[in-house]
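S.K.: Return atomic coordinates for the entry below.
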Amino acid sequence: MPKRTIPLTATLACLFALAAHAANAPPVQEFVLDNGLKVIVKEDHRAPVVVSQIWYKVGSSYEYGGITGLSHMLEHMMFKGTSNHLPGEFSRIIAAQGGRENAFTGRDYTAYFQRLAKDRLEVAFELEADRMANLVLDEEAFLKERAVVSEERRLRTEDKPKSLAYERFIAAAYQTSPYQHPVIGWMSDIENYALKDLEAWYRRWYAPNNATLVVVGDVAPEEVRRLAEKHFGPIPPVVTEAPKPRPEVAQAGTRRIVVKAPAKLPYVIMGYQAPSLSTATETWEPYALAVLAAVLDGDDSSRLSRDLVRGTEVAAQAGAEYGPHSRLSTLFLLNGTPAQGRTIEDVEEALRAQVVRVQDDPVTKQELERIKTQVVASDVYQRDSVFYQAMRLGSLETIGLGWPVGDDYVARIRAVTPAQVQAVARKYLVDDGLTVAVLEPQPIENGVGPKLVQGGRHAR
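M.R.: Numbers count the residues shown, from 1 in each chain. The predicted model follows:
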C-alpha cells in the first residue's frame with residue numbers, strides 16, 4: 001500500500017497547538033532538600049498520570065580499567081531487594097499499582113523511572129528512597145546477576161557484528177577519554193567483579209547529594225516537595241568527589257581499524273572528534289554541528305539518502321549522527337553499508353565526498369529552513385511526551401549543563417546560519433581528527449547468522 005501523507009495544513013495546525021500548550025505550560029520549579037537532593041517539578045495536567053525519575057551522577061565514564069560496566073551492574077542489583085523489601089518486590093509493587101518502571105545506564109548517568117497514576121506518586125518515592133539508602137547486596141544474587149550481565153553482553157554486542165564493530169571503533173576513537181569504555185563493560189571485567197566492588201560503588205555514588213529527582217505530570221509542586229522531604233529528606237548525604245578530569249588528547253592523524261566478525265555485509269563507521277555543549281569554546285558550534293548532521297541525514301530527503309542510497313545507489317544504507325548533550329567531548333559520526341555490487345571503499349569515498357561538499361559550498365537557505373522546520377517539529381512532538389519532558393530535564397541537569405539549556409534548543413537551532421554550518425564542517429570534519437572502522441565479514445558457520453536480541457526490560 002502507498003504511504004499516506006498527512007496534509008501540511010494539518011501538520012502545521014498540530015504543531016501550533018502543541019507549541020501553544022508548551023508556551024502556556026506552568027514554569028519548571030526546582031528546590032534542594034537539606035541533604036542535597038535536587039528536585040525538579042514540571043506540571044502537565046493533560047492526563048492524570050505522573051512520571052518520576054531519579055538520576056544519579058554516575059555512569060560508565062566515571063569508571064576505570066578493571067571495573068568497566070560496574071554502574072550498569074549496580075543498576076541490575078538495585079532490583080534485588082533492600083532491608084525492607086524482598087528481591088523483585090519493587091517491580092511487583094509498581095505493577096500492582098498499575099504502573100510501569102525500569103532503569104537505564106549511560107556514559108554520564110544512571111536513572112530509574114516509574115510511570116503511575118498521579119495519586120500513586122508516594123509509592124514511587126517510598127520505594128526509591130528505600131533502595132537509595134538500604135540496598136542489600138547478597139553474594140548469591142550477585143553471582144547470578146553477573147552471569148545475566150555476561151549473557152546480555154554476548155547477545156547485544158559480541159553476537160551482533162555491527163554492535164561489535166561500533167564498540168571497537170569507540171575504543172579506538174578515544175585514547176584518554178573514559179568514553180572509550182563500553183557502558184556494559186568489557187567481558188573480562190564483568191567476569192571478575194567482586195561483591196565488594198559493587199558495595200563500594202553504591203556507597204560512593206548513591207546518595208541524595210549526588211542525585212536529581214525529576215517529576216513531570218499532573219502534580220502540585222508543593223505536594224511533591226512534601227513527599228520528597230518525607231521520604232528522601234531523612235537520608236544523610238555522603239562526601240562525594242567528582243571524577244578527575246580525563247579529557248581526550250588532541251588527535252594527530254587518521255586512525256584506522258579492521259574488525260573481523262561473522263557477518264553478511266561489510267560496514268564502515270567514520271568518527272570525527274567534536275566538542276559537546278559542555279566543552280565547546282564557541283557556544284554556537286554544537287548547534288551548527290547538529291544542523292550539519294540533519295543536512296546529511298535528517299530524513300529521506302537529506303543528502304545521504306538522496307545521493308548515496310537513491311541517487312548513485314552506492315550504499316544500501318548511509319547515516320550521520322551527532323549529539324551535543326554530553327559531559328565530555330564527543331564524535332560526529334558517519335556510517336554506511338555498500339549496495340549490492342559496490343564495495344566498502346566506494347561507500348567511504350562517497351561519504352568523504354559529501355564532507356568535501358559541505359566544506360566547499362554553504363548549504364542553501366531553502367535547505368536550511370527545511371531542516372530547521374524538521375528540528376523544531378521533532379522538538380515540539382517530543383515535548384508532548386511526559387516521559388520525554390522528564391528525560392530532558394534529568395539528563396541536562398545530570399551532565400552539568402542545567403535543565404534550562406533545553407528551553408534554548410529551538411532558538412539556538414533557528415539561529416544557525418549557512419556560514420556556521422560550513423565553518424564547523426571545515427574545522428572538525430578533518431582527517432587529523434578522524435577514526436575509521438571497517439567491519440570485514442567472515443564466514444558464518446553452518447549457515448547460521450549471529451544471534452540477535454530484542455530490546456526491552458532487563459532480566460530481574
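S.K.: Any stretches of this structure with poor pLDDT?
M.R.: Residues of the chain meeting the criterion pLDDT under 70: 1-24, 446-460.
S.K.: Spell out which residues make up each domain of it.
M.R.: What automatic domain parsing lists as the domains of the chain is 21-231, 255-447.
S.K.: mind listing what P236 touches?
M.R.: By CB atoms under 8 Å, 6 or more residues apart in numbering, the contact set of P236 is N35, A207, P208. Heads up, the C-betas are built off the backbone N, CA and C, glycines and all.
S.K.: Tell me where the stretch 201-350 of the chain has strands.
M.R.: For the stretch 201-350 of the chain, the strands defined by DSSP state E, counting those that start in this stretch occupy 211-217, 255-262, 267-274, 315-321, 330-338.
S.K.: now the second one against strand 267-274, angle please.
M.R.: Taking axes from the mean of the first three to the mean of the last three CA atoms, to 10 degrees, one finds that strand 255-262 is oriented at 150 degrees with respect to strand 267-274.
S.K.: before we move on, the earlier item: compare the domains of the chain and give me the one nearest E241.
M.R.: Proximity to E241 (CB to CB) singles out domain 21-231 among the domains of the chain, at 8.3 Å.
S.K.: what are the ranges of the strands in the stretch 51-200 of the chain?
M.R.: Going by DSSP E, counting those that start in this stretch, the stretch 51-200 of the chain shows strands at 100-105, 110-117.
S.K.: Would you mark the buried spots in the last one?
M.R.: Neighbour-count burial for strand 110-117 flags T110, A111, Y112, F113, Q114, R115, L116, A117 (criterion: 16 or more other CB atoms under 10 Å).
S.K.: now stretch 317-334
M.R.: Those would be 317-320, 322-334, for stretch 317-334 by 16+ other CB under 10 Å.
S.K.: same check, this time on stretch 172-188
M.R.: 172-174, 177-187.
S.K.: can you check stretch 37-51 too?
M.R.: By neighbour count on 16+ other CB under 10 Å, the buried set for stretch 37-51 is L37, K38, V39, I40, V41, K42, E43, D44, V49, V50, V51.
S.K.: Would you quantify the distance from the residue lying closest to L127 once chain neighbours are set aside to K230?
M.R.: Spatial nearest neighbour of L127, chain neighbours left out: F90 (5.4 Å); criterion: CB to CB, 6 or more residues apart in numbering. Applying CB to CB, to the nearest Å, the value for F90 to K230 is 19 Å.
S.K.: Neighbour count: these two, which is higher?
M.R.: F90 (24 against 13; other CB atoms under 10 Å).
S.K.: Provide a list of residues in contact with that one.
M.R.: F79, E101, L127, R131.
S.K.: who touches the second one in this structure?
M.R.: Which is E101. F90, S91, I94, Y112, F113, Q114, R115, A124.
S.K.: Is I54 bridged to anything, and to what?
M.R.: Beta-bridge pairing of I54 under DSSP bridges involves Y112, L213.
S.K.: you'd agree it is up against N210?
M.R.: No: using CB atoms under 8 Å, I54 makes no contact with N210, being 10.8 Å away.
S.K.: who's more crowded, the two?
M.R.: Legend: neighbour count by other CB under 10 Å for I54 and N210, higher for I54 (26 against 20).
S.K.: Give me the distance between that one and T110.
M.R.: Distance from I54 to T110, by CB to CB: 9 Å.
S.K.: Same question for E145.
M.R.: 15 Å.
S.K.: what does L127 give?
M.R.: 16 Å.
S.K.: again with A124
M.R.: When A124 is compared with T110 (using CB to CB), they lie 17 Å apart.
S.K.: do the same with Y381
M.R.: Relative to T110, and taking CB to CB, Y381 is found at 27 Å.
S.K.: Could you do Y287 as well?
M.R.: Per CB to CB, Y287 is found 28 Å from T110.
S.K.: And the helices in the stretch 251-400 of the chain?
M.R.: Applying DSSP state H, counting those that start in this stretch to the stretch 251-400 of the chain gives helices spanning 285-297, 303, 344-360, 365-383, 386-398.
S.K.: for those, which one ends up most surrounded?
M.R.: Across the helices of the stretch 251-400 of the chain, the average number of neighbours (mean count of other CB atoms under 10 Å) peaks for helix 285-297, which reaches a mean of 24.
S.K.: and that helix with strand 267-274, angle?
M.R.: Going by the same axes, to 10 degrees, helix 285-297 makes 160 degrees with strand 267-274.
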